[in-house]
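Trainee: Here's my sequence, what's the structure:
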Amino acid sequence: MIKFRLLPVFIWLVVSIAKADEPSWVNKVGAKTYPSEKRTIEVNEFGAANDGKTLATGAIQKAIDKCFAAGGGVVTFKPGKYLTGSIFIKSGVVLDIPKNVEILGSQNLGDYPEIDTRVAGIEMRWPAALINIIGQKNAAVSGNGIINAQGKVFWDKYWNMRKEYDPKGLRWIVDYDAKRPRTLLVSNSSDITIRQVTLQQAGFWTVQLLYSNQVTVDGITVRNNIDGHGPSTDGVDIDSSTYILVQNCDIDCNDDDFCLKAGRDWDGLRVNKPTEYILIRKCIARKGGGLLTLGSETSGGIRHVLATDLESNGTGNGLNIKSATTRGGTIEDIHFQNVVMNGVGTAFQFTMNWNPSYSYSKLPEGYTLDNIPPHWKKMLTKVEPVERGIPHFKDVYVDNVKVTGAKKAINAIGLDQSGLNNFHFNNITIAAATAGDIEFANNWQWNNVVISTTDNSKLQVPTEGNAR
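Mentor: Coordinates of the predicted model:
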């Protein structure tokens with residue numbers, strides 16, 4: 001085993017390492033209000049059956065609407081299981097899911113009406129989520145119960161479509177055509193709280209915060225590895241939203257655990273809404289594509305992010321920043337600190353040319369622009385000038401990180417025309433099978449870093465200029 005040392009190295013002492021100063025915006029994140037709980041309405045009063053078989057969508061919605069009309073309060077459930085399609089929470093309402101209550105998502109796509117929304121960076125018509133907070137203020141979802149989206153039928157649909165689409169050269173559009181329901185959507189809303197609930201078997205993304213501000217996600221548990229491994233079942237997606245607090249969460253999913261997004265390609269550049277002022281703290285990621293992922297939808301920019309006091313166990317990547325040469329956007333002022341990773345794939349992954357078969361759209365022979373859906377046309381619209389599609393990563397600060405059992409320490413590949421600029425690593429220890437690579441990087445600074453590899457590979461660290 002080789003110990004590859006970068007600048008002076010000291011023994012890792014987690015307790016003695018002082019936290020970096022928090023940015024001034026940290027105390028401004030999260031919901032500033034919470035609905036009054038002086039009024040309680042049970043969905044059972046409106047005919048909701050708790051047998052897990054009778055569709056209760058209408059009854060639950062009537063209870064929510066009644067509570068809203070009365071000035072707000074709590075909508076809750078008697079013990080049991082409730083089968084439902086899309087429901088829509090209103091301002092001033094808390095949807096309370098108590099212990100011994102399980103919400104079951106309908107497996108009939110017809111129970112999820114299509115709405116105007118954004119999915120995977122593109123604005124388009126898409127099924128509403130199981131639970132929706134759209135255009136509202138001061139609302140919440142809370143409780144110790146379970147929201148079981150029963151998503152396996154939608155996973156199977158996706159994989160069957162992949163068998164049809166991939167041979168035709170349509171890998172880039174299948175995710176959009178599959179139209180799998182999300183579990184919980186907060187969109188164009190403010191002062192929203194999601195807390196305590198357990199969400200499982202998401203058909204697609206689990207929690208998406210879209211075009212919203214002042215949102216708190218606190219103490220939720222995500223378990224998407226029940227009855228199979230659903231594709232693209234992200235944990236928490238923060239999408240072109242601001243002043244967001246995510247804390248005390250435990251995520252086990254099959255794609256990115258905590259993910260920040262800001263639009264894709266031409267459509268994302270058109271919308272041009274950043275994700276900024278994000279605090280993620282005291283969370284655990286288990287299986288999944290990344291403990292913290294930024295991208296690949298980066299068009300509106302992602303900035304002012306603090307992720308601290310995190311743990312990952314068996315996650316694909318630790319800190320994962322990804323984009324593509326048609327995305328554009330700038331990733332900057334990212335702080336990733338006080339993190340323990342165990343058994344991860346790649347501890348630090350930074351790429352501007354992620355997953356080309358998915359990232360780049362090309363219309364195969366036999367298709368014309370006259371006979372394709374509107375969202376296909378958005379995906380095929382070229383970014384011009386091409387320089388507008390080049391992403392930029394800069395000012396990333398990584399402090400106090402301990403990694404054991406990784407497959408690779410670092411995979412960092414910038415572009416000739418856009419280097420990875422001003423990355424700072426302080427107090428890092430990594431034990432990995434192999435060291436990895438750094439290409440096209442400028443002004444990387446290292447202090448108290450130890451990388452130990454089992455294959456005796458060495459990390460070639462650029463110190464100045466574009467390096468390969």
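
Trainee: Need phi/psi at residue 306.
Mentor: phi -120, psi 120 (degrees, to the nearest 10).

Trainee: swap in residue 111?
Mentor: phi -90, psi 10.

Trainee: Repeat that for residue 386.
Mentor: phi -60, psi -30.

Trainee: Residue 322 versus that one, what's the distance?
Mentor: Distance, residue 386 to residue 322, using C-beta to C-beta, to the nearest Å: 19 Å. Every C-beta, even on glycine, is put in place using the N, C-alpha and C of the backbone.

Trainee: Look at those two and report which has more neighbours.
Mentor: Per other C-beta atoms under 10 Å, whichever of residue 386 and residue 322 has more neighbours is residue 322, with 26 against 10.

Trainee: close enough to count as contact, that one and residue 292?
Mentor: No: counting by C-beta atoms under 8 Å, residue 292 is not a contact partner of residue 322; they are 11.5 Å apart.

Trainee: shared neighbours, those two?
Mentor: Common contacts of residue 322 and residue 292, defined by C-beta atoms under 8 Å, 6 or more residues apart in numbering, are absent altogether.

Trainee: Sheet partners, orientation included, of the lengthiest strand in the chain?
Mentor: If you go by DSSP state E, the chain has its longest strand at strand 392-413. Strands that pair with strand 392-413, judged by DSSP bridges, come out as strand 330-342 (parallel), strand 346-351 (parallel), strand 420-439 (parallel).

Trainee: tell me which residues of that strand are tucked away?
Mentor: 392-403, 406, 408-413 (16 or more other C-beta atoms under 10 Å).

Trainee: just so I have it, where are all the helices in the stretch 251-400 of the chain?
Mentor: Along the stretch 251-400 of the chain, counting by DSSP state H, counting those that start in this stretch, helices occupy 265-271, 356-359, 374-380.

Trainee: Output the ones you listed as TSV; include the columns mean neighbour count, mean pLDDT and distance to residue 338.
Mentor: Listed next are those as TSV, based on neighbours: other C-beta atoms under 10 Å; pLDDT from 0 to 100; distance: least, C-beta to C-beta, whole Å:
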stretch	mean neighbour count	mean pLDDT	distance to residue 338
helix 265-271	21	98	31
helix 356-359	14	92	32
helix 374-380	18	96	39
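
Trainee: just the helices in the stretch 101-250 of the chain please.
Mentor: Under DSSP H, counting those that start in this stretch, the stretch 101-250 of the chain gives helices at 152-165, 171-178.

Trainee: Ok, which of these comes nearest residue 350?
Mentor: Nearest to residue 350 among those is helix 171-178 (22.5 Å), distances taken as C-beta to C-beta.

Trainee: list the helices and strands the closest one packs on?
Mentor: helix 152-165, helix 356-359, helix 374-380 (3 or more C-beta pairs under 8 Å, 6 or more residues apart in numbering; DSSP states H and E).

Trainee: CSV for these, including distance to residue 203?
Mentor: CSV is the format used below for the helices and strands packed on helix 171-178 (distance: least, C-beta to C-beta, whole Å):
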stretch, distance to residue 203
helix 152-165, 4
helix 356-359, 19
helix 374-380, 19
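
Trainee: So residue 264 sits against residue 123, correct?
Mentor: No: counting by C-beta under 8 Å, residue 264 sits too far from residue 123 to count as a contact (9.9 Å).

Trainee: Look at the two and report which has more neighbours.
Mentor: residue 264 (31 against 18).

Trainee: ok, the more buried one - contacts?
Mentor: Per C-beta under 8 Å, 6+ apart, neighbours of residue 264: 120-122, 296-297, 299, 327.

Trainee: Can you flag which of these belong to strands?
Mentor: Going by DSSP E, the strands hold residue 122 from the contacts of residue 264.

Trainee: who wins for neighbours among the contacts of residue 264?
Mentor: So for the contacts of residue 264 (other C-beta under 10 Å), the most neighbours sit at residue 299, 32 neighbours.

Trainee: from what I can see that one touches residue 272, true?
Mentor: Yes: if you go by C-beta under 8 Å, residue 299 and residue 272 touch, sitting 7.2 Å apart.

Trainee: Closest one to residue 314 out of the contacts of residue 264, please.
Mentor: Checking these one by one against residue 314 (C-beta to C-beta), the nearest turns out to be residue 296, at 22.0 Å.

Trainee: Now for that closest one: which residues touch it?
Mentor: Contacts of residue 296 by C-beta under 8 Å, 6+ apart are 264, 322-324, 327, 354-355, 359.

Trainee: any idea what sits nearest it, other than its immediate chain neighbours?
Mentor: residue 322 (4.5 Å; C-beta to C-beta, 6 or more residues apart in numbering).

Trainee: Please report how far the one you found lies from residue 328.
Mentor: Distance from residue 322 to residue 328, by C-beta to C-beta: 14 Å.

Trainee: ok, residue 312 touching residue 287?
Mentor: No: with contact defined as C-beta under 8 Å, residue 312 does not reach residue 287; the gap is 9.6 Å.

Trainee: residues near residue 168, how many?
Mentor: When neighbours are counted by other C-beta under 10 Å, residue 168 comes out with 13.

Trainee: Count the neighbours of the closest residue to it other than its chain neighbours for me.
Mentor: Spatial nearest neighbour of residue 168, chain neighbours left out: residue 364 (5.8 Å); criterion: C-beta to C-beta, 6+ apart. Residues lying near residue 364 (other C-beta under 10 Å) number 8.

Trainee: need the contact list for residue 364.
Mentor: Neighbours of residue 364 in contact, by C-beta under 8 Å, 6+ apart: 168-170.

Trainee: I'd like to know the predicted local confidence at it, please.
Mentor: Looking at residue 364, its pLDDT is 93.
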